[in-house]
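Novice: What would the 3D arrangement of this be:
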Amino acid sequence: MIDKYAVFVPNLTNRAENFTSGHRACQGCAEALAVRHVLKALGHDIVISNATGCMEIVSSPLPLTAWNVPWIHVTFENAGAVASGVAAGLKVLMRKGKIPEKRIVSVGMGGDGATTDIGLQALSGALERMHKDFLYVCFDNEAYMNTGIQRSSSTPYGAATTTSPAGKDSIGQHTWKKNMAAIAVAHDIPYVATACSSYPFDLQAKVIKAVESGGPAYLHVLSVCPTGWRIPSHLAIKYGRLAVETGVFPLYEVQDGKYRMTADIPKLRPVRDYLSGQGRFRHLTDTDIDIIQKRVTKEYDKLISLHKSNNG
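Specialist: The predicted structure is shown next:
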């Protein structure tokens, strides 16, 4: 529920660019695009706590910045803790009359390494404390891309990285991608969703819903990385759509514990369509792809079942 502060009213027609051009992201970086859309939906009454990672590095070369909103660079592991401290501190300042009372959303941001690995403890604590006006966004490019394409717990099964190389005795990443959205749901918070910058209106709508939930809220955004995924830079949007169309990365939301699929995919495409053309998967055999297909189908069917049980 929205609290006593002025109602936060972002909208999908907002043209303000709070993440500006001129930053140093790689060509075709879908993470930079995702950040841009998230900020367009959020508006100006926010404070961002941004963990070390790609977006921090490319956007803040001293003395320049790509951010047109209050922005704090924090260490790899504590974006959740800093963002929760900002949320609490703002409310104290308002209560004491130090700043005017209005709705200000504290936004934590991090990549998959800063979220699913190094920062998981701080994020879990922030979600457990049920901070109001608190949103955390994970921009998931499925490895530690900024430091050399090392594996993370969000790296998918079979992907080759510099620390999970493929070879005669190795398939590459040998564990399955951590389901971070499900971990967030387990905290019984008001709103959790997955999103992708290849579906910008779905992404912005979910940002708005997350804020309107009152918080805490969690968004997990697939952010295609041409450099780390070994694809041409102009195909980032295509591969984001393929991730959704094959069921590899389903789009859904969980509002007050109820699941709802948000992308209508009447029939999933084969996962081979998504894996094909990505250099990180070029070593996979037909048997490997069949294993991945079975896993994707199983997990997607679980989500469909939850959607049907919640929506009739």
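Novice: list the buried ones in the helix or strand encompassing residue 85?
Specialist: Under the criterion of DSSP states H and E, residue 85 resides in helix 79-95. Using 16 or more other C-beta atoms under 10 Å as the burial criterion, the residues of helix 79-95 that qualify are 79, 80, 81, 82, 83, 84, 85, 86, 87, 90, 91, 94. Where C-beta positions appear, they are placed from N, C-alpha and C, glycine not excepted.
Novice: mind listing what the second one touches?
Specialist: This means residue 80. Contacts for residue 80 (C-beta atoms under 8 Å, 6 or more residues apart in numbering) come out as 108, 119, 122, 123, 124, 125, 126, 127, 136.
Novice: can you pull up the bridge partners for the first one?
Specialist: Each beta-bridge partner of residue 108 is listed here: residue 49, residue 136, as defined by DSSP bridges.
Novice: Now do it: how many residues are near it, please.
Specialist: 33 (other C-beta atoms under 10 Å).
Novice: do the second one as well
Specialist: The number of residues packed around residue 119, counting by other C-beta under 10 Å, is 27.
Novice: my guess is it contacts residue 77, does it?
Specialist: Yes - using C-beta atoms under 8 Å, residue 119 is in contact with residue 77, at 5.0 Å.
Novice: In this structure, where's the longest helix?
Specialist: helix 286-311 (DSSP state H).
Novice: list the helices and strands it packs on?
Specialist: Counting contacts by 3 or more C-beta pairs under 8 Å, 6 or more residues apart in numbering; DSSP states H and E, helix 286-311 is packed against strand 258-261, helix 271-275.
Novice: buried sites along that helix?
Specialist: Within helix 286-311, the residues that qualify as buried are 288, 289, 292, 293, 295, 296, 299, 300, 303, 306, 307, counting by 16+ other C-beta under 10 Å.
Novice: what does stretch 227-235 give?
Specialist: Under the neighbour-count criterion of 16+ other C-beta under 10 Å, stretch 227-235 has 227, 228, 229, 230, 231, 235 buried.
Novice: Columns pLDDT and secondary structure on top of the residues you listed, output as CSV?
Specialist: Supplementary listing: those in CSV, determined by pLDDT from 0 to 100; DSSP: H, G, I helix; E, B strand; the rest coil:
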residue, pLDDT, secondary structure
227, 97, helix
228, 97, helix
229, 98, helix
230, 97, coil
231, 98, coil
235, 98, helix
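Novice: biggest separation within these, which pair?
Specialist: 228 and 235 (13.5 Å; C-beta to C-beta).
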